[in-house]
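# Below: sequence and its predicted model.
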Amino acid sequence: YRIIDSEPGEEEFWHKILTYCARGNLQAVMDEYLALLVENRGYDRTPDVATALTNAAADLRDVLSMRAASYRPAVVTADGEDTEPRWRQIRMRGRFAMRYGSDSTEEGDEKRAGDVGMAFNSPFWPFVLATTSVGQEGLDFHQYCHAVTHWNLPGNPVDLEQREGRVHRYKGHAVRKNVGRSVPPPDGTAPPWQQAFAAAGDGATDESGMVPYWVYAPASLNGEGAAIERHLPLVPYTRERSVIGALLSSVAHYRLAFGQPRQDELVLTVLDETDESLRRQLGTVRIDLSPPARSRTGGLPRESGD
């Protein structure tokens, strides 16, 4: 409100809003978001078009109209050394903070959890998600996010892959950014993003279905395309700093063993019982499931923070 109201000029406020939206290309933002929403929520497979439109509009309304909620955390208070501590509840307000997997039976808690998740998977706020390890499995955060910051390191390569896999998924944010930058503008003959992915797929030589939906980094971007980003804010002289090298090495070997039964045993064997020359030889005979023409930005994590 303050940004829009501070725009110079004497025009009415509603006109300032339209000008602000036009400058930010809100139409393109909504085209992209609704294309994702309809596909991910399955509305494109709903026989009744009117019902699908109503449901999509309801989802959009829920995302844009989330209100603050009241929280009642318990705190311990004591008046003095000889006084027994007492528990009391205080009231706090917040818009998005909540406990994932809460066992609360209050009415509306379950719906609010879904609304918060859907809001993060939108171009609107919240723009940053902070979670414990409970968020590293089974959740999708890829629709408008392609960066993961590890505040601590997991104890094994599987968990590291799981964390980064939350933002490396079908038609993820990094993939769409590369598609949008490399294909011609839509001409109105088809929905914009349907046409964009069709154009991106026309030049793909891979037949596995990975390109352009999971990995897309064409040569036209000159290696400057978006990629899944791994941020490691490691403090010097800490345990994380001392084990990061071994952990990333284990991740590489885990990918080598991907699809094998009892992967952890194979990874440990390769790490413990082979020398460096044999490890390099193993790298030449491994099965590479990625598309053949992959640049360094082809969707693999980019290390940073060293």
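In hand now; what should we look at? Residues are numbered from 1 along each chain as shown.

# quick one, helices of this structure?
Assigned by DSSP state H, the chain shows helices spanning 2-5, 13-23, 26-40, 49-64, 109-120, 157-165, 173-182, 192-202, 239-256, 263-273, 276-285.

# Let me know which of these is tucked in deepest.
helix 173-182 (a mean of 21; mean count of other CB atoms under 10 Å). (C-beta placed from N, C-alpha, C; glycine too.)

# For that helix, what is the distance to the chain centroid?
14 Å (CA atoms, centre = their mean, to the nearest Å).

# Can you name the residues in contact with that helix?
Here helix 173-182 makes contact (CB atoms under 8 Å, 6 or more residues apart in numbering) with 32, 142-146, 167-168, 193, 196-197, 200, 212-218, 220-221, 225-228, 297, 299.

# still on that earlier bit, with distance to residue 86 and mean pLDDT added, can I get the helices of the chain in a markdown table?
Shown next, in a markdown table, are those (distance: least, CB to CB, whole Å; pLDDT from 0 to 100):
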| stretch | distance to residue 86 | mean pLDDT |
| --- | --- | --- |
| helix 2-5 | 42 | 66 |
| helix 13-23 | 50 | 83 |
| helix 26-40 | 48 | 92 |
| helix 49-64 | 39 | 90 |
| helix 109-120 | 27 | 80 |
| helix 157-165 | 40 | 87 |
| helix 173-182 | 48 | 93 |
| helix 192-202 | 57 | 90 |
| helix 239-256 | 39 | 81 |
| helix 263-273 | 49 | 65 |
| helix 276-285 | 61 | 67 |
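
# okay if I get these as CSV plus distance to residue 138?
Output for the helices of the chain, formatted as CSV (distance: least, CB to CB, whole Å):
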stretch, distance to residue 138
helix 2-5, 37
helix 13-23, 36
helix 26-40, 15
helix 49-64, 21
helix 109-120, 12
helix 157-165, 9
helix 173-182, 19
helix 192-202, 26
helix 239-256, 19
helix 263-273, 19
helix 276-285, 31
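
# Figure out which of these is closest to residue 134.
For these, the distance to residue 134 is smallest for helix 157-165, at 11.5 Å, taking CB to CB.

# other SSEs contacting that closest one?
Packing partners of helix 157-165 (3 or more CB pairs under 8 Å, 6 or more residues apart in numbering; DSSP states H and E): helix 239-256, helix 263-273.

# what do you get if the cut-off is 10 Å, keeping everything else the same?
Contact analysis of helix 157-165 by 3 or more CB pairs under 10 Å, 6 or more residues apart in numbering; DSSP states H and E lists strand 147-149, strand 229-231, helix 239-256, helix 263-273 as its packing neighbours.

# coming back round to it: which one of the helices of the chain lies closest to residue 96?
Evaluated over the helices of the chain, closeness to residue 96 peaks at helix 109-120, with 5.4 Å, by CB to CB.

# next one: the closest one to chain centre, how far?
When C-alpha coordinates are averaged (CA atoms, centre = their mean), helix 109-120 and its chain have centres 15 Å apart.

# Out of the helices of the chain, which is closest to residue 70?
helix 109-120 (11.6 Å).

# Just the CA trace of that closest one, in PDB.
Extracted in PDB, the C-alpha atoms of helix 109-120 (Å, rounded to 0.1, in the frame of the first residue of the first chain):
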ATOM      1  CA  ASP A 109      -5.700 -26.100  11.900                       C
ATOM      2  CA  GLU A 110      -5.500 -28.700   9.200                       C
ATOM      3  CA  LYS A 111      -6.800 -26.300   6.500                       C
ATOM      4  CA  ARG A 112      -4.400 -23.600   7.600                       C
ATOM      5  CA  ALA A 113      -1.400 -26.000   7.300                       C
ATOM      6  CA  GLY A 114      -2.400 -26.600   3.700                       C
ATOM      7  CA  ASP A 115      -3.000 -22.900   3.000                       C
ATOM      8  CA  VAL A 116       0.500 -22.000   4.300                       C
ATOM      9  CA  GLY A 117       2.100 -24.700   2.200                       C
ATOM     10  CA  MET A 118       0.200 -23.500  -0.900                       C
ATOM     11  CA  ALA A 119       1.100 -19.900  -0.200                       C
ATOM     12  CA  PHE A 120       4.900 -20.700  -0.200                       C
END
